[in-house]
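Trainee: Got a sequence here, can you model it:
(2 chains)
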Amino acid sequence: MSADLTGTASAAGTGGRPGLVRHLLRSPLAIGSILVILVAIVLAIAEEWLTPFPPNSVQIQLTNAPPFTTDYLLGGDKFGRDILSRLIAGSRGAMVGVLIVVSISVVLGVVTGLIAGYYGKLFDSLGSWGAAVLMAVPGIIVLIALYTLVDASMEVAMAVLGVLSSPSFFWLTRTLTRGVKSELYVDAARVSGLSDARIVGRHVLIAIRAPIIIMTSFLAGTALAVQAGLEFLGLSDRQRPSWGGMLTDAFANIYRAGWQLIWPGLALGLVMAAFVLVGNAVRDALQGTYVKPSRRARRRQIVQLLGDAAVTRTLGTRAAPMAAGSERQDSGRPGQEPLLVIEELRIAYPRETDSREVVHGVSVQVEAGQVVGLVGESGSGKTQTVFAALGVLPEEAIIAGGSVRLDGRELLGLRPAELVAVRGTAMGYVPQEPMSNLDPSFTVGAQLVHGIRAQRPEMGRRQARHLAMEMLARVGIHEPKRTFASYPHEISGGMAQRVLIAGAVACEPKLLIADEPTTALDVTVQAEILDLLRDLQRERQMGVLLVTHNFGVVADLCDRVVVMREGVVVEHGAVAKVFHDPQHEYTRMLLDAILDDVAPRSSVPRERRG
Amino acid sequence: MSESLLEVNHLDVVYGRGRSAKQALHDVSIAISAGETLGLVGESGSGKTTLGRTVLGLVPASRGSIVFDGTDITRLDRRGRRRLATELQAVFQDPYSSLNPSMTVSDILVEPLIAQGVKRLDADERIRQLMASVSLPPDSLTRYAREFSGGQRQRIAIARALALDPRLIVCDEPVSALDLTTQLRVLDLLIEIQERTGVAYLFITHDLAVVRYMSHRVAVMHQGRIVETGDTGVVTERPEQEYTKRLLVANLVADPEEQARRRQLRWALG
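Mentor: Numbering: from 1, shown residues only, chains lettered A, B, ... in the order given. Below is the predicted model of the structure:
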């Protein structure tokens, strides 16, 4: 039981999923592929006992015998040898070749990649240089030269292929290792006094194993293809049956018995495809690929779980939106209700067979020109509530009941295009993480202008630019021109938040929704941003709905406060009243947990006190 | 003046080399006695985390010295560092990335013990005690770290730091990722452990309220320098330095009238 807000399909952490095997076995394609590979391995191990005839024995009367007619089940080749027996015997060479390539490549690439990624510096330079050199070597030519010049065996050639393909493992491992190395648990392991070998084996290798497994299975498929190609060119021991060699024999015979190509082709194709498909299946199982259901499937699911009304609220209707007054309680001021009314809002997420409700009938009101704080700890549903008002709930969320009205207009069930119009002009939004809400590849100015013009299509580029510049100056940026031309990485977190506020209020919305707008900022910057929000709010008489977990922010800025816990509003009222005379036990507990008024700890530690 | 457990003298840390070099710490000196908590406050980029990581040996020092219990540990080799693990431990900020998601709680806790050559049976006994001392049920040992909530994860991280009975724990923002109520419980746990075992903390945080609650003495950092240091009561109530004053009034209070007063003070300071 944790603070799992979205509480849905999000797969747990990285690596170490006990469900991987089960997940794999749920996919028929994966089961089939694994079976094919297993069969090939069994044949390769036990070929001596499984071949019906010695693979090189000749029965002259069965030359080019058609399949399924004689003792030679799959027919005879042009020398009168049993094709089935040669296929089975050839599997050993194929599998041994794959094994050599894969093991050399993985061991070489992963070990050097781990060293280069973990120790960096000289190891990294040397390893990267070596890998780059290997990658520049034209593989196939080297292999062909190897056969012709030194009369190498297939095993040697495959070993060379393994070395030549190791750079891909090197790069993959090195990059992943560098990422994992900066994880705190690796630091923690170092501080715990573990040896480097143990840290790399225990913490790094386990964390990065999945992509390596996937790449290994792809390489296995490739290795099989390269090997067959070399054998097809005749670069192998002709005495030993091989799948590529069988292709050559069949190819020479193509006008007399073309069907002979089918068997080795089929064997190669099946096993190669199986390797690649297993790799794909592992990747899918690890990533938990979310397939977006069709609108119709979604509709059916929602009706089944929560009834027709939920469909209308969640997906909207083609007809007019829900009659706004249908569920309205008497607000006491008919025709003149508050700016934002969230009423009996219920949000649920589908599970395998039922659904889990995370917001249970929440009501919040914001009057024009009023600042309302929505507070609660993680898992309280405060963010879900405002996301529903903004219309940005996660794809799979279901609005099971209730109503959200802005200026008397029902927002739930609006079509996306209508909602876009409302969001830009009537509602502004300030997010929690300023940096991740700016696109790193565009200048701040371009993003502001783009946003303004999306909301006010009638505005010309120059006009929008002018407004953006004006707004930047308004939110306290000293050199608006310079900031306008900056990329997000060139400005500080506090500046980025000012920019986002400028964008949110540029089109003079009546309501500003701010989701933890200062949580990611330093205290001094936080104080400045709160000042700015207060000034803008007074100047434009905006209604503000402020989501926060910080009672200090509430005390600084809000008129009213709504306290949420586990998807329910437990208390609401004027800020002064709730702070001085909290009614609900949970509010009291939260206020008691605040450390503001504690006396500083004594300056003398216990041991020295006497 | 009693002998200090940890002494950092005139420490400089420079990241990078040549023209891209960036000095993260300038002439930093601090001292912590046994059983004491030194709070290290500062804003992001002030160098407080770098100081903690340098003490832990995760970042190399460029100049100056770090002395632990009379021994210079500034430039220890890997083996020396490993031996020091029994004395010097850490609790990191993010309880989600500081525990390996693919290991069980038992594996996580046993690891430092095994690395110091403790026998498996003794180690198992020890981790059972540890779970009790951080108030986690012993049956959570077989579960994966990712199955726990933030506060529980931080308890596991604290248990790991305690496993070797260290004398100093560097706590880098250990509660800033936690909910308010959870935060208080974890702080109380740390204080209780300190009073029971006499461990010292270097407690890094940006939150002045937390630092008041936890520390005996406070050092304020700004742009890689220590700007003020002293008794918690003095520094957080009657600061001398301009920067500390500004930091104090910028800190929010959960009381509308008091906060309004503070706001006036802040505006007066400019």
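
Trainee: And A:Glu48, which helix or strand is it part of?
Mentor: Element membership of A:Glu48 [criterion: DSSP states H and E] is helix A:47-50.

Trainee: buried stuff in that helix?
Mentor: A:Glu47 (16 or more other CB atoms under 10 Å in any protein chain shown). Every residue, glycine included, has its C-beta placed from N, CA and C.

Trainee: Could you do stretch A:539-550 as well?
Mentor: Buried-residue list, stretch A:539-550, by 16+ other CB under 10 Å: A:Met542, A:Gly543, A:Val544, A:Leu545, A:Leu546, A:Val547, A:Thr548, A:His549, A:Asn550.

Trainee: list the contacts for the nearest residue to A:Ala188 once chain neighbours are set aside?
Mentor: Spatially, and ignoring its direct neighbours in sequence, A:Ala188 is nearest to B:Ser98 (5.2 Å; CB to CB, 6 or more residues apart in numbering or on different chains). Shown in contact with B:Ser98 (CB atoms under 8 Å, 6 or more residues apart in numbering or on different chains): A:Leu184, A:Tyr185, A:Asp187, A:Ala188, B:Val91, B:Phe92, B:Arg153, B:Ala157.

Trainee: Next, format these as TSV and append neighbour count, pLDDT and secondary structure.
Mentor: Listed next are those as TSV, based on neighbours: other CB atoms under 10 Å in any protein chain shown; pLDDT from 0 to 100; DSSP: H, G, I helix; E, B strand; the rest coil:
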residue	neighbour count	pLDDT	secondary structure
A:Leu184	19	89	helix
A:Tyr185	26	90	helix
A:Asp187	20	91	helix
A:Ala188	27	91	helix
B:Val91	26	94	strand
B:Phe92	27	90	coil
B:Arg153	23	89	helix
B:Ala157	27	93	helix
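
Trainee: starting at the chain centroid, how far to the helix or strand where A:Gly265 lies?
Mentor: Applying DSSP H and E as the criterion places A:Gly265 in helix A:262-287. How far helix A:262-287 lies from its chain's middle: 25 Å, per CA atoms, centre = their mean, to the nearest Å.

Trainee: hmm, that helix in reach of chain B?
Mentor: No. Helix A:262-287 stays clear of chain B (CB under 8 Å from any CB of the partner chain), getting no nearer than 12.2 Å.

Trainee: what comes up buried for the helix or strand just after that helix?
Mentor: Next in sequence after helix A:262-287, counting helices and strands by DSSP H and E, comes helix A:295-306. By 16+ other CB under 10 Å, the buried positions in helix A:295-306 come out as A:Arg298, A:Arg299, A:Gln301, A:Ile302, A:Leu305, A:Leu306.

Trainee: Quick one: list the elements packing against helix A:295-306.
Mentor: helix A:308-315, strand A:340-350, strand A:398-406 (3 or more CB pairs under 8 Å, 6 or more residues apart in numbering or on different chains; DSSP states H and E).

Trainee: Does A:Ala157 touch A:Leu143 like I think?
Mentor: Yes. Counting by CB atoms under 8 Å, A:Leu143 is a contact partner of A:Ala157 at 5.4 Å.

Trainee: which residues do these two both contact?
Mentor: A:Leu230, A:Leu235.

Trainee: quick one: the longest helix that chain B contains near chain A?
Mentor: Across chain B, the longest stretch assigned as helix under DSSP state H is helix B:180-197. Yes. Judged by CB under 8 Å from any CB, helix B:180-197 comes into contact with chain A at B:Leu180, B:Thr181, B:Thr182, B:Gln183, B:Leu184, B:Leu187, B:Gln194, B:Glu195.

Trainee: Apart from its chain neighbours, what residue comes closest to A:Gly424?
Mentor: Counting by CB to CB, 6+ apart, the residue nearest A:Gly424 is A:Gln455, at 3.2 Å.

Trainee: downstream neighbour of the helix holding A:Glu48 in the secondary structure list?
Mentor: helix A:83-119.

Trainee: Could you list every helix and strand that that following helix packs against?
Mentor: Using 3+ CB pairs under 8 Å, 6+ apart: helix A:83-119 touches helix A:28-45, helix A:47-50, helix A:121-136, helix A:154-181, helix A:205-232, helix A:243-252, helix A:262-287.

Trainee: switch the cut-off to 10 Å
Mentor: The contact analysis (3 or more CB pairs under 10 Å, 6 or more residues apart in numbering or on different chains; DSSP states H and E) places helix A:83-119 against helix A:28-45, helix A:47-50, helix A:121-136, helix A:154-181, helix A:196-198, helix A:205-232, helix A:243-252, helix A:262-287.

Trainee: per-residue confidence for B:Leu51?
Mentor: For B:Leu51, the pLDDT comes out at 95.

Trainee: Just to be sure, it is in a strand?
Mentor: No. Counting by DSSP: H, G, I helix; E, B strand; the rest coil, B:Leu51 falls outside a strand, being helix.

Trainee: burial of it, as a residue count?
Mentor: 29 (other CB atoms under 10 Å in any protein chain shown).

Trainee: For B:Arg75, see how far away it is.
Mentor: Separation of B:Leu51 from B:Arg75 (CB to CB, to the nearest Å): 17 Å.

Trainee: what do you get for B:Tyr96?
Mentor: As judged by CB to CB, B:Tyr96 and B:Arg75 stand 32 Å apart.

Trainee: of those two, who's got more company?
Mentor: Taking other CB under 10 Å, B:Tyr96 and B:Arg75 do not tie; B:Tyr96 has more neighbours (17 against 11).

Trainee: Three-state assignment for the residue of the stretch 101-250 of chain B found nearest chain A, please.
Mentor: Nearest to chain A in the stretch 101-250 of chain B, going by CB to the nearest CB, is B:Ser102, at a distance of 2.6 Å. Under three-state DSSP, the three-state class of B:Ser102 is coil.

Trainee: Quick check on A:Val570: phi, psi?
Mentor: With angles defined as degrees, to the nearest 10, A:Val570 sits at phi -100, psi -30.

Trainee: wait, it sits on A:Gly376?
Mentor: Yes. Between A:Val570 and A:Gly376 there is a contact under CB atoms under 10 Å: 8.7 Å.

Trainee: Between the residues of helix B:180-197 next to chain A, which sits nearest A:Gly113?
Mentor: Using CB to CB, B:Thr182 comes nearest to A:Gly113 of the residues of helix B:180-197 next to chain A, at 39.3 Å.

Trainee: residues contacting the closest residue to the closest one other than its chain neighbours?
Mentor: Distance criterion CB to CB, 6+ apart; nearest residue to B:Thr182, sequence neighbours excluded, is B:Gly151 at 3.6 Å. By CB atoms under 10 Å, 6 or more residues apart in numbering or on different chains, B:Gly151 lies in contact with A:2-3, B:95, B:175, B:177-179, B:181-183, B:185-186, B:189.

Trainee: cool, A:Ile60 as well?
Mentor: Residues near A:Ile60 by CB under 10 Å, 6+ apart: A:Gly76, A:Phe79, A:Gly80.

Trainee: so how far is A:Arg238 from the second one?
Mentor: Taken as CB to CB, the spacing of A:Phe79 relative to A:Arg238 amounts to 11 Å.

Trainee: Same question for the first one.
Mentor: Distance of A:Gly76 to A:Arg238, computed by CB to CB: 18 Å.

Trainee: Please say which of these two ends up with more neighbours.
Mentor: A:Gly76 (27 against 11).

Trainee: which strand residues sit across from that one in the sheet?
Mentor: On the basis of DSSP bridges, A:Gly76 is bridged to A:Asp82.

Trainee: Can you get me a residue count around the residue in the stretch 101-250 of chain A that chain B sits nearest to?
Mentor: As assessed by CB to the nearest CB, chain B sits closest to A:Gly193 within the stretch 101-250 of chain A, at 2.7 Å. As a burial measure, A:Gly193 scores 24 neighbours (other CB under 10 Å).
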